[in-house]
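K.L.:
Here is a sequence together with a model predicted from it:
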Amino acid sequence: MVSIDVWNASVDFPIFDAKSRSLKKLALGKVGGKIGSEGRVPIIEALHDINISLRHGDRVGLVGHNGAGKSTLLRLLAGIYEPTRGSSRIQGKVAPIFDLGVGMDPEISGFENIMIRGLFLGMSRKEMEKRVDDIAEFTELGDYLSMPLRTYSTGMRVRLALGVVTSIDPEILLLDEGIGAVDAAFLEKARDRLNDLVARSGILVFANHSDDMLVELCNTAIWMDEGQVKMHGSLREVVTAYKGRDPYEHLSPDTLARIGQSPVLSGNGGE
Ligand SMILES: Nc1ncnc2c1ncn2[C@@H]1O[C@H](COP(=O)(O)OP(=O)(O)OP(=O)(O)O)[C@@H](O)[C@H]1O
């Protein structure tokens with residue numbers, strides 16, 4: 001059974017080399033978690049008293065301002081960070097996709113990188129061998145797949161990474177914003193694969209701000225603010241509260257078509 005449970009969890013980062021002058025400046029800022037300096041070492045409270053319970057089928061969009069704690073929460077859910085206080089229980093195979101390029105080796109070929117990245121994301125060698133042709137076709141990299149990765153352009157690396165990432169079978173899929181920053185034209189091509197990937201996943205948590213991506217992939221949302229869960233509810237409710245406008249009123253015609261809604265239903269006229 002796939003599940004995520006987090007009870008009263010906090011994550012602190014003690015900063016041993018903070019300079020007192022810049023610290024004052026930071027404390028006045030609006031962005032980022034709270035900085036406490038009661039002790040001798042300043043502490044950034046990246047997450048504070050988080051309670052979350054997710055089950056199979058939950059597709060959660062994570063929104064919030066810079067420094068609100070989205071990436072830290074994803075790392076807590078991935079088991080990369082342990083809670084400083086409180087506890088968490090994550091049941092299921094986690095695929096953390098925080099940076100498309102991570103785990104890629106510039107000195108080995110595209111084909112070898114496909115295998116390595118797949119293993120890193122929890123797949124077996126046999127499973128990856130079955131998928132490699134499909135990934136190769138999707139990337140359109142042809143003979144380049146036999147060349148070392150260092151000979152690739154940035155866009156070519158993204159194609160390779162996206163091909164692998166969308167081929168896996170995760171029980172818990174954790175996506176940080178990077179995936180939305182991919183070149184729009186290529187993302188269009190990857191969209192069906194991304195949708196299929198999410199459909200295959202037990203639980204999705206996706207940090208993203210694009211109305212289109214959130215509406216297409218998520219059904220609920222969590223709004224993080226200063227390291228706390230400010231709101232957890234339906235996607236529409238939370239994004240409307242966070243952005244001050246209904247995400248369904250700002251969807252592209254393509255997204256509306258894909259989610260099977262006419263512009264009239266989305267509430268923005270259309271006559
Ligand atoms: N490794 C770290 N060491 C110290 N502080 C950190 C570390 N990682 C994050 N923080 C702090 O924790 C807080 C939350 O950061 P986090 O990266 O989780 O925010 P975010 O919501 O993902 O922000 P953004 O949208 O800008 O990526 C911030 O105040 C940040 O300064």
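P.N.:
Received the coordinates, thanks. Values in this document were obtained by computation on a predicted structure and should not be read as measured data. Residues are numbered from 1 along each chain as shown.
K.L.:
CA atoms for contacts and neighbours, from now on please.
P.N.:
Will do.
K.L.:
ok, the closest residue to residue 147 other than its chain neighbours - contacts?
P.N.:
Of all residues not flanking residue 147 in the chain, residue 109 sits nearest, at 4.9 Å (CA to CA, 6 or more residues apart in numbering). Applying CA atoms under 8 Å, 6 or more residues apart in numbering, we find residue 109 in contact with 145, 146, 147, 148, 149.
K.L.:
rerun that using 6 Å as the cut-off
P.N.:
For residue 109, the contacting residues are 146, 147, 148, 149, by CA atoms under 6 Å, 6 or more residues apart in numbering.
K.L.:
tell me the phi and psi of it?
P.N.:
The phi/psi pair for residue 109 (degrees, to the nearest 10) reads phi -70, psi 170.
K.L.:
who does it bridge with?
P.N.:
Beta bridges link residue 109 to residue 148, judged by DSSP bridges.
K.L.:
what does the model give it for pLDDT?
P.N.:
At residue 109, the model reports a pLDDT of 97.
K.L.:
before we move on, what about residue 180?
P.N.:
Residue 180 is given a pLDDT of 60.
K.L.:
Then residue 241?
P.N.:
pLDDT recorded at residue 241 is 98.
K.L.:
And it, which helix or strand is it part of?
P.N.:
Under the criterion of DSSP states H and E, residue 241 resides in helix 235-243.
K.L.:
related to what we said a few turns ago, got a winner among the contacts of residue 109 for most neighbours?
P.N.:
The most crowded member of those, judged by other CA atoms under 10 Å, is residue 149 (22 neighbours).
K.L.:
just for the stretch 101-250 of the chain, where's the confidence low?
P.N.:
In the predicted model, the stretch 101-250 of the chain carries pLDDT under 70 at residues 180-184.
K.L.:
Show me where it has its strands.
P.N.:
If DSSP state E, counting those that start in this stretch is used as the criterion, the strands of the stretch 101-250 of the chain fall at 172-175, 203-207, 220-225, 228-234.
K.L.:
if you compare those strands, which one is most tucked away?
P.N.:
When you average the neighbours per residue for each of these (mean count of other CA atoms under 10 Å), strand 203-207 leads with a mean of 27.
K.L.:
List the strands paired with it, with their directions.
P.N.:
Using DSSP bridges, the strands paired with strand 203-207 in its sheet are strand 59-63 (parallel), strand 172-175 (parallel).
K.L.:
Just tell me which of those strands ends up closest to the ligand.
P.N.:
strand 59-63 (7.7 Å; CA to the nearest ligand atom).
K.L.:
and the angle from the closest one to helix 235-243?
P.N.:
Interaxial angle, strand 59-63 versus helix 235-243 (axes from the mean of the first three to the mean of the last three CA atoms, to 10 degrees): 0 degrees.
K.L.:
And the contacts of strand 59-63?
P.N.:
For strand 59-63, the external contacting residues (CA under 6 Å, 6+ apart) are 203, 204, 205, 206, 207, 218, 219, 220, 221, 222, 223.
K.L.:
Can you mark which positions in stretch 123-138 are buried?
P.N.:
For stretch 123-138, burial by neighbour count (16 or more other CA atoms under 10 Å) applies to 123, 128, 131, 132, 135, 136, 138.
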